[in-house]
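K.L.:
Have a look at this prediction, sequence included:
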Amino acid sequence: MTDRTLVLLRHGKSDWSGDEADVDRPLADRGRRQAPKAGRWLAANVEGIDVAVVSPALRARSTWELVSAELAVPPTTRIDERAYAASGEELLDVVRGLDDDLTTVVLVGHNPGLEDLASLLAGRWVPLVTSALAVLSLSGSWSTAGEGPASLRASGRPPD
């Protein structure tokens, strides 16, 4: 069986100053500064991303646009309604539904669901502040994610 790499990416810091709906909340200036750093870290540390599964929320889509701009070969992007406001278990269902021809996937979403998914897979608490990443190695197929322990290879926000 092929090892799989799952990268969890929390959206950048969002702007709470407006009165838009939650799904339409944009990135704050800090979020626009944070996201490219995550992209540079990914470019240097994670090879061959096959696809990015992104929440439809504006702040998540904007984060991914800034992150993927730092990659030499940006992967295909899939906007997935299920990634918005999802629990860890719901996100696990998204992961389990991935095609087995994919080996490296980025999931861009929100807390608390991303932290819960990371913790569920790694078997320990994995905090994800804004623009933080968690890189997990999973054995077997995507459909069996969560049935065995995943290895947490890296986590945190890339340094300034």
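P.N.:
Yep, that arrived.
K.L.:
CA only for contacts and neighbour counts going forward, please
P.N.:
Noted.
K.L.:
neighbours around residue 58, how many?
P.N.:
As a burial measure, residue 58 scores 17 neighbours (other CA atoms under 10 Å).
K.L.:
Identify the residue spatially nearest to it, adjacent ones excluded.
P.N.:
Spatial nearest neighbour of residue 58, excluding adjacent residues (CA to CA, 6 or more residues apart in numbering): residue 24 at 5.2 Å.
K.L.:
Do I have it right that that neighbour meets residue 57?
P.N.:
Yes. In this structure, residue 24 is within contact of residue 57 by CA atoms under 8 Å, at 6.1 Å.
K.L.:
Mind checking which of those two has more residues around it?
P.N.:
With neighbours defined as other CA under 10 Å, residue 24 and residue 57 compare such that residue 57 has more, 25 against 14.
K.L.:
so that one touches residue 20, yeah?
P.N.:
No. With the criterion set as CA under 8 Å, residue 57 and residue 20 do not qualify as a contacting pair; they are 11.7 Å apart.
K.L.:
where does this protein have low pLDDT?
P.N.:
Counting by pLDDT under 70, the chain contains low-confidence residues at 1-2, 160.
K.L.:
rerun that using 90 as the cut-off
P.N.:
By pLDDT under 90, the low-scoring segments of the chain are 1-3, 140, 148-149, 158-160.
K.L.:
in it, which spans are helices?
P.N.:
Taking DSSP state H as the test, the helices found in the chain are 29-45, 58-68, 88-96, 113-122.
K.L.:
Reformat these into CSV and put distance to residue 134 next to each item.
P.N.:
Formatted as CSV, those follow (distance: least, CA to CA, whole Å):
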stretch, distance to residue 134
helix 29-45, 11
helix 58-68, 15
helix 88-96, 14
helix 113-122, 7
